[in-house]
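Colleague: pasting a predicted model and its sequence here:
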Amino acid sequence: MLVAGFPAGSFATNCYIVAPAAGEECVIIDPGQDAESGVDELLREHRLKPVAVILTHGHIDHIWSVAPVCGARDVPAFIHPDDRGLLTDPARGLSLSVGQQLFGGITFSEPDDVRELSDGAVLELAGMELTIDHAPGHTPGSVTFRLPETAATPEVLFSGDLLFAGSIGRTDLPGGDHPTILRSLARVCLPLPDETAVLPGHGPQTSIGRERATNPYLADLAPSRGPERGL
């Protein structure tokens with residue numbers, strides 16, 4: 001499995017490219033602000049052909065470059081329907097004053113081909129199976145992506161802004177809700193094995209075991225019904 005990434009733009013949002021191996025098809029996760037050049041560099045370096053862009057949620061720092069990246073490669077974008085409106089109106093996910101400061105005269109548009117994600121679905125893309133778990137709380141349409149364990153690698157969770165190393169996603173922006181994100185953490189994250197690698201939307205990689213043991217936001221949570229295993 002090949003997973004490469006870089007922090008994009010002033011928000012330092014982690015953009016990931018995932019493929020079975022170098023020289024094969026790949027998916028792009030969360031191309032944020034000014035991500036096009038970093039994406040192109042990784043595609044050239046690893047000789048990859050993208051087949052889709054998949055989005056953990058609709059906040060501007062994660063979707064800023066989705067239209068140009070999809071348009072340049074003629075690939076679809078996948079997003080949960082509850083966040084789809086943010087593709088064309090990302091200011092809805094921010095306070096009005098912050099949106100005005102960020103965007104000025106910039107306009108945003110959907111890619112030509114947008115497909116919607118659903119809880120428990122398994123995306124078969126680039127020779128991989130990615131399981132979708134709806135995880136609202138940071139935004140109504142937040143999702144995570146899971147790659148199954150293999151003989152060589154543990155299960156991998158692309159957590160978006162649900163779970164970070166030592167923290168969790170903020171809930172003070174429009175559409176955020178703290179009790180909801182805690183339920184998502186209990187349902188989506190805590191039932192996973194300790195060795196599950198967590199690749200978040202911001203900051204360094206971590207693991208479920210490390211966060212279970214040290215993350216103060218998880219200290220009083222108990223696992224609830226676990227996510228579908230994609231079987």
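Modeller: Happy to help now that I have it.

Colleague: and residue 138, that's in a strand?
Modeller: No - looking at residue 138 with DSSP: H, G, I helix; E, B strand; the rest coil, it is coil, so not inside a strand.

Colleague: point me to the residue sitting closest to the centre of this structure.
Modeller: The chain has residue 56 as the residue nearest its centroid, 3.0 Å off, counting by CA atoms, centre = their mean.

Colleague: apart from its chain neighbours, what residue comes closest to that one?
Modeller: residue 160 (2.8 Å; CB to CB, 6 or more residues apart in numbering). In this view, the C-beta of every residue, glycine as well, is placed from N, C-alpha and C.

Colleague: same thing with residue 82?
Modeller: Residue 82 sits nearest to residue 141 (CB to CB, 6+ apart), 3.3 Å away.

Colleague: got a pLDDT number for residue 108?
Modeller: Predicted confidence (pLDDT) for residue 108: 88.

Colleague: I'd like to know which helix or strand in this protein has the lowest mean pLDDT.
Modeller: When the helices and strands of the chain are scored by mean pLDDT, DSSP states H and E, helix 96-103 comes last with a mean of 55.

Colleague: can you name the next helix or strand after it?
Modeller: strand 114-116 (DSSP states H and E).

Colleague: and that following strand, which residues are buried?
Modeller: Neighbour counts using 16 or more other CB atoms under 10 Å place residue 114 of strand 114-116 among the buried residues.

Colleague: list the strands paired with that strand, with their directions.
Modeller: Pairing partners of strand 114-116, with direction, according to DSSP bridges: strand 77-79 (parallel).

Colleague: the lengthiest helix in the chain - contacts with which helices or strands?
Modeller: Ranked by residue count and defined by DSSP state H, the top helix of the chain is helix 36-46. Packing partners of helix 36-46 (3 or more CB pairs under 8 Å, 6 or more residues apart in numbering; DSSP states H and E): strand 2-8, strand 13-19, strand 25-29, strand 49-54, helix 66-73.

Colleague: and of the ones you listed, who's closest to residue 201?
Modeller: For the helices and strands packed on helix 36-46, the distance to residue 201 is smallest for strand 13-19, at 5.7 Å, taking CB to CB.

Colleague: CA atoms only for the closest one, dumped as CSV, please.
Modeller: Only the C-alpha atoms of strand 13-19 are listed here, as CSV (Å, rounded to 0.1, in the frame of the first residue of the first chain):
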residue,chain,number,x,y,z
THR,A,13,-4.7,20.5,5.7
ASN,A,14,-3.4,17.0,5.1
CYS,A,15,-4.0,16.0,1.5
TYR,A,16,-3.4,12.3,0.9
ILE,A,17,-2.8,10.1,-2.2
VAL,A,18,-3.5,6.4,-1.7
ALA,A,19,-2.7,3.6,-4.1
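
Colleague: which residues are in contact with it?
Modeller: For strand 13-19, the external contacting residues (CB atoms under 8 Å, 6 or more residues apart in numbering) are 1-8, 25-33, 35, 38-39, 42-43, 46, 48, 50, 61-62, 126, 128, 147, 158, 199-203.

Colleague: what are the buried residues along it?
Modeller: Neighbour-count burial for strand 13-19 flags 13-19 (criterion: 16+ other CB under 10 Å).

Colleague: now find how far off-centre that strand is within its chain.
Modeller: Counting by CA atoms, centre = their mean, to the nearest Å, strand 13-19 is centred 9 Å from the centre of its parent chain.
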